[in-house]
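[1] Sequence and computational prediction follow.
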Amino acid sequence: QVQLVESGGGLVQAGDSLRLSCAASGRTFSTYAMAWFRQAPGKERELVAAISRTGGRTYYPDSVKGRFTVSRDNAKNTVYLQMSSLVPEDTAAYYCAAAEAVWDGVFIRQTQYRNWGQGTQVTVSS
């Protein structure tokens with residue numbers, strides 16, 4: 001098990017940038033594939049970025065591709081989500097998730113993630 005704590009959310013204006021962080025507990029962080037999901041009020045939770053154990057592979061849905069960048073620092077047990085050119089539609093609670101991985105791949109289904117953070121709110125005003 002790994003415990004995850006997100007930070008960095010807040011209120012920003014359209015066009016601004018924001019970086020989220022997710023700090024993980026435990027000494028086996030490098031064995032987990034990681035991801036960021038978001039959930040807006042009245043909508044289903046959706047994947048916005050995924051990264052493999054080493055950081056060598058990443059995945060983004062079309063909705064954020066080119067604007068969001070996921071990265072990780074295994075020495076610091078932290079994964080990041082750099083968001084730029086934010087739009088009001090990016091307003092949501094953002095969640096960090098971890099999945100035990102036996103290979104260096106990215107996982108894109110929510111059901112593959114068994115460890116979740118408490119979320120951090122991002123609000124983008126127009």
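    Looks like it came in fine. Numbers count the residues shown, from 1 in each chain.
[2] From residue 78, how far out is the nearest residue in space to residue 28 that is not next to it in sequence?
    Counting by Cβ to Cβ, 6 or more residues apart in numbering, residue 28 lies nearest to residue 2, which is 7.2 Å off, once chain neighbours are set aside. C-beta here means a position set from N, CA and C on the backbone, and glycine is covered the same way. Going from residue 2 to residue 78 by Cβ to Cβ, to the nearest Å gives 12 Å.
[3] ok, now which ones touch the residue nearest the centre of the chain?
    Centroid-nearest residue in the chain: residue 36, 2.1 Å away (criterion: Cα atoms, centre = their mean). Residue 36 makes contacts with 20, 22, 47-50, 68, 70, 79, 81, 94-97, as judged by Cβ atoms under 8 Å, 6 or more residues apart in numbering.
[4] farthest pair in these?
    For those, the farthest-apart pair by Cβ to Cβ is 68 and 97; their separation is 15.2 Å.
[5] out of these two, which sits in the busier spot?
    Summary of the neighbour comparison: residue 68 and residue 97, criterion other Cβ atoms under 10 Å, with residue 97 having more neighbours (24 against 21).
[6] quick one: the more buried one is in a strand?
    Yes. Counting by DSSP: H, G, I helix; E, B strand; the rest coil, residue 97 is found in a strand.
[7] That'll do, ta.
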